[in-house]
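S.K.: requesting a structural model of the entry that follows:
(one chain, ligands or ions: 1)
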Amino acid sequence: MNRRTQILALAIISFLAGSTLVYSIMYLRNPRDSSTNPGSMTHPVDFSSNLEVLQSTKYRGSAYPAQLQVTSNTTATLNTLQLTVKDPLYNRVGSQNISLSQQISSGDTTFNITIAPSFPGLDGVVVADPATSYTIMNYTVFLNTTEIYSFSKTQTSLDLHTLEAPLYDQAESLAWNTTSQSAIITANNGNITIQSVQQSNFALSTMINATGYTRIDLNATFPPANASFNFLVNQIPIFPSPDGYLPIGNFLGMQNFSIIGTIAASSSISLQVHLMTRHVVLFAAMADNHFGGRSADQFKFRTPDYYVKQASYQFHKIFNLTIYPAITVNMTNPVSTDLAAFRQNAMHTVGQSLGLVNDTWSLVSGTSSANKGYDVLLIFTNHTMDHLGIVYGNSSGAFNLAINARGTQYTGNYRLPPSFADNLLQHEFSHVLGAPDRFTGSSLPSVMTKPETVQDALNGFATGTFWLELTHWLEPDIQTMTGVLRLLYWPVV
Ligand SMILES: [Zn+2]
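M.R.: Predicted coordinates for the structure are as follows:
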């Protein structure tokens, strides 16, 4: 697309983004179907339908509300709505099936549906790029009466758009309680000034929502020359990092945040508090080598997207981060127990399936265009490999590929039980965001803290602190991962 065409396209996108588009078509029963079911010929069936996308622009990872209206002159069972989407940026096509499963009678029937942002069929399109539009080119309604009929609408256009979720500052709606001996305190949302004519003690407190962000940014130098401060969350002291923020990752929900201190005589200090948050959504492609349960398995494992959703819950709770399981690509068995070789195979299998450059997954992180909208590749195998999991990537500190295996030869052919699968994924994905391995000899228990000795492992099982039973992180790792997320997906503010 040349520059002028891009500008024109953007103008059209801007125009379309605010409007709701409707199309309709009259369907006539396909005469080719009649020969397979002559009985149905006695009641020719006419259908018409409208598909309307009620909100065509949504934040990344959100579903699009839509309505399908079907008009029929007879009873029929509508099974499935299949949507086909084109991604004009990469000239790829994807499809999505939406279950309808409802009998309709003659007249109008309205279905309220939601269109997910991933279209895993065909090339595997995901609505990821705010700079382009994704076009619903046609849809097919599958009907099941005595046989399957399908009614298609081709060559139409209904566009879907996405936006990055906004960065916002929760400190813009803080209400402060202030007390002081003699200082004058002005606390207006995140802006605080304290002035004194004589030395004075002071205290400020407010309620903060500690879900979805992990640090309080302080726009001031600490300690200031003319005052002393203490910061507390629920009466527990917290200390500014050298970078000037307060780490509060392990506090969740509504918390009392307070500042107490002393200001010198004839002084004035100002402090800006920011509670920045943004919902980050990463689209995951999943390579699946029979990770889910099969009849021969002793334990019943679920499919990878089940564990991705479980791990995503933990990341959302602390980081306001969603790992969206967008597409699953099936893989053949590894030829060896070497995870590095298996990784190469997975990158190629997924690259071919998604039509990526050079038919391979790109290890460039921090840009979804490298993998045509997908942010991270998660590889799952039911085989016993040389590690339980591995993360690969470039050297910038953030990676975009993680492997989860169900067994390792390093600890006596240990097999992963199903209940540990989400913990392992959480552990590996934490590496993707830069968290290091920790060990029982030097760190407190956490999802990153692996046993150094057999006795450590036994102790962990006895006390419920074995790393694959845990879902919490240590504060320094929360801060490391927050920093990586900020580098990759947060604009400088
Ligand atoms: Zn590890």
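S.K.: in which helix or strand would I find residue 300?
M.R.: Assessed by DSSP states H and E, residue 300 sits outside every helix and strand.
S.K.: is it true that it touches residue 419?
M.R.: No. In this structure, residue 300 is not within contact of residue 419 by C-beta atoms under 8 Å, at 10.8 Å. All C-beta spots, glycine's among them, are computed from the backbone N, C-alpha and C.
S.K.: burial check on residue 340, number of neighbours?
M.R.: Residue 340 has 12 neighbours, counted by other C-beta atoms under 10 Å.
S.K.: helix, strand or coil: sort out it for me.
M.R.: Secondary structure, DSSP: H, G, I helix; E, B strand; the rest coil: residue 340 is helix.
S.K.: what's the straight distance from one end of stretch 62-77 to the other?
M.R.: End-to-end distance of stretch 62-77: 29 Å, with C-alpha to C-alpha, to the nearest Å as the criterion.
S.K.: buried ones in it?
M.R.: 62, 64, 66, 68, 70-72, 76 (16 or more other C-beta atoms under 10 Å).
S.K.: and the strand or helix carrying residue 287, average pLDDT?
M.R.: Counting by DSSP H and E, the element that carries residue 287 is strand 280-289. Averaging pLDDT along strand 280-289 yields 92.
S.K.: could you do stretch 324-336 as well?
M.R.: Average pLDDT, stretch 324-336: 91.
S.K.: now the terminal residues of it, how far apart.
M.R.: Using C-alpha to C-alpha, one end of stretch 324-336 lies 30 Å from the other.
S.K.: which residues does residue 227 form beta bridges with?
M.R.: Listed beta-bridge partners, residue 227: residue 263 (assigned using DSSP bridges).
S.K.: please verify my assumption that it contacts residue 269.
M.R.: Yes. With contact defined as C-beta under 8 Å, residue 227 counts as touching residue 269 (5.2 Å).
S.K.: between these two, what contacts are shared?
M.R.: Shared contacts of residue 227 and residue 269 (C-beta atoms under 8 Å, 6 or more residues apart in numbering): 194, 263.
S.K.: buried ones in the helix or strand harbouring residue 136?
M.R.: Applying DSSP H and E as the criterion places residue 136 in strand 134-144. Using 16+ other C-beta under 10 Å as the test for burial, strand 134-144 gives 134-143.
S.K.: do the same with stretch 163-181
M.R.: Residues of stretch 163-181 classed as buried by neighbour count (16+ other C-beta under 10 Å): 165, 169-171, 174, 176, 178.
S.K.: name whatever forms a beta bridge with the nearest residue to residue 328 once chain neighbours are set aside.
M.R.: Of all residues not flanking residue 328 in the chain, residue 286 sits nearest, at 4.7 Å (C-beta to C-beta, 6 or more residues apart in numbering). On the basis of DSSP bridges, residue 286 is bridged to residue 328, residue 378.
S.K.: next, count neighbours for residue 286.
M.R.: Residues contacting residue 286 under the criterion other C-beta under 10 Å number 26.
S.K.: now for it: which residues touch it?
M.R.: By C-beta under 8 Å, 6+ apart, the contact set of residue 286 is 304-305, 308, 325, 327-329, 377-380.
S.K.: now residue 84
M.R.: Residue 84 makes contact with 93-95, 119, 122, 136-140, according to C-beta under 8 Å, 6+ apart.
S.K.: would you check how far apart the residue nearest to residue 290 when sequence neighbours are not counted and residue 311 are?
M.R.: Distances taken as C-beta to C-beta, 6+ apart put residue 382 closest to residue 290, at 4.6 Å, once the chain neighbours are dropped. Look at residue 382 and residue 311: by C-beta to C-beta, to the nearest Å, they are 18 Å apart.
S.K.: these two - which one has more neighbours?
M.R.: When neighbours are counted by other C-beta under 10 Å, residue 382 and residue 311 differ, and residue 311 comes out ahead with 26 against 21.
S.K.: isn't there a helix covering that one?
M.R.: Yes. Using three-state DSSP, the assignment for residue 311 is a helix.
S.K.: picking up where we left off before, where's the residue nearest to residue 290, which helix or strand?
M.R.: strand 376-385.
S.K.: which helices and strands sit right next to that strand?
M.R.: Packing contacts for strand 376-385, counted by 3 or more C-beta pairs under 8 Å, 6 or more residues apart in numbering; DSSP states H and E, involve strand 280-289, helix 304-319, helix 339-354, strand 401-408, helix 421-432.
S.K.: could you dump those into JSON lines and include distance to residue 204?
M.R.: Output for the helices and strands packed on strand 376-385, formatted as JSON lines (distance: least, C-beta to C-beta, whole Å):
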{"stretch": "strand 280-289", "distance to residue 204": "31"}
{"stretch": "helix 304-319", "distance to residue 204": "26"}
{"stretch": "helix 339-354", "distance to residue 204": "52"}
{"stretch": "strand 401-408", "distance to residue 204": "43"}
{"stretch": "helix 421-432", "distance to residue 204": "35"}
